[in-house]
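Colleague: output the structure for:
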Amino acid sequence: MTTPDAAPSTVAPVTAVEARTRMSPRKRAKISRGIQYGLLVVAVVILAVAIDWGRVGDQIFNVEAAQDLLPKIPQAFLNTLTYTAAAFAVGLSLGIVLALMKLSSVGVYRWLATAYIEFFRGIPALLVVIAFAYAVPIALGVSIPSLTLKAALALGMVSAAYIAETLRAGIEAVPPGQIEAARSLGMSHSRTLVTVVIPQAFRIVLPPMTNEIILLTKDTSLIYLMGLLPTQFDLTKIGRDALSSGSGGGLTGLFVAGLGYLCITIPLGLLARWLEKRTGKGSRS
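Modeller: As a prediction, the model looks like this:
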């Protein structure tokens, strides 16, 4: 018995659409990354061609102007750190009180804390600084003689609103079993809060607390609105004075001030990331 010959199989040619759909995800990602890098290089080249490097070197990267500012940098750096530390001390102290009030079983305390937090989180720090410089002396009839104290109160009151919410979240993140174990040992509520809850809450909120210090450091740039004596200048004041002097390389002062802030904020940012990783490892162990 003979069987008819099978019809020859024909393979349809692969179309461009099919070839694209058959491309592996890894290859597509590689092509996409190459396109992105190419566009980035093109953008950098266009920007480099468009910049007037002669004027940039004369006005922003003026070496002589930067050398003239160098003797002032250590004092400005120290003043900036002093204002930051003082404001953070006020913000942390007030923030702890506000966080405990927000978690209190007494309704009035919760309402007062909520009103404070929402108010100071809702207005710019600039307005608070101006208020302490001008409105408070008019309203109370007294003037705060110390610039550091005025800066600490103004920036600290704003920072306290954010620190309070951070601490509240940290306190609520403490495992209830820790509190129950402390109470079962006969500890009072206040002792449990001080010796068990708050220390663990601080460990949880260390990374965001470090970020708050970074924000405070940048907010010290507003202190010049309070009026600075010759020995009270900060990094921003150096940049402003160089810009308003009208001399050559005026923008170099702003560039130097920016580098000064980066010398503070970059290490703090690295510390925050390290603490975040360390806290994460501790919570998993």
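Colleague: three-state assignment of Ile144?
Modeller: What DSSP: H, G, I helix; E, B strand; the rest coil gives for Ile144 is coil.
Colleague: again with Thr210
Modeller: helix.
Colleague: was I right about it contacting Leu270?
Modeller: No: shown here, Thr210 and Leu270 do not form a contact pair, counting by CB atoms under 8 Å, at 9.6 Å. To be clear about C-beta, it is placed using only N, CA and C from the backbone, and glycine gets the same treatment.
Colleague: what's the local residue count around Ile130?
Modeller: 16 (other CB atoms under 10 Å).
Colleague: what's the spacing between the nearest residue to it once chain neighbours are set aside and Arg26?
Modeller: Closest residue to Ile130 apart from its sequence neighbours, by CB to CB, 6 or more residues apart in numbering: Leu225 at 5.8 Å. Distance of Leu225 to Arg26, computed by CB to CB, to the nearest Å: 55 Å.
Colleague: next one: Lys72
Modeller: From Lys72 to Arg26 the distance is 55 Å (CB to CB).
Colleague: next secondary structure after the helix or strand hosting Val97?
Modeller: Using DSSP states H and E, Val97 maps to helix 73-102. As assigned by DSSP H and E, the chain's next helix or strand after helix 73-102 is helix 107-122.
Colleague: show me what that following helix is packed against.
Modeller: Packing partners of helix 107-122 (3 or more CB pairs under 8 Å, 6 or more residues apart in numbering; DSSP states H and E): helix 73-102, helix 147-173.
Colleague: pick the most buried one from those.
Modeller: Ranked by mean neighbour count, those are led by helix 147-173 with a mean of 22 (mean count of other CB atoms under 10 Å).
Colleague: give me the angle between it and helix 107-122.
Modeller: Here the directions of helix 147-173 and helix 107-122 differ by 120 degrees (axes from the mean of the first three to the mean of the last three CA atoms, to 10 degrees).
Colleague: just the buried positions in the next helix or strand after helix 147-173, please.
Modeller: Under the assignment DSSP H and E, the closest C-terminal helix or strand after helix 147-173 is helix 176-184. Residues of helix 176-184 classed as buried by neighbour count (16 or more other CB atoms under 10 Å): 179, 182.
Colleague: continuing past helix 176-184, what's the next helix or strand?
Modeller: helix 189-192.
Colleague: and that next one, what does it pack against?
Modeller: helix 176-184.
Colleague: contacts only, for the closest residue to Leu149 other than its chain neighbours.
Modeller: Closest residue in space to Leu149, ignoring its immediate chain neighbours: Ala86 at 7.5 Å, by CB to CB, 6+ apart. Ala86 sits next to 148-149, 151-152, 156 when contact means CB atoms under 8 Å, 6 or more residues apart in numbering.
Colleague: go again using 7 Å as the cut-off
Modeller: Contacts for Ala86 (CB atoms under 7 Å, 6 or more residues apart in numbering) come out as 148, 151-152.
Colleague: need these in a markdown table (columns: pLDDT and distance to Pro175).
Modeller: Below are the contacts of Ala86 laid out as a markdown table (pLDDT from 0 to 100; distance: CB to CB, whole Å):
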| residue | pLDDT | distance to Pro175 |
| --- | --- | --- |
| Thr148 | 85 | 40 |
| Ala151 | 88 | 39 |
| Ala152 | 91 | 35 |
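Colleague: okay then, goodbye and thanks.
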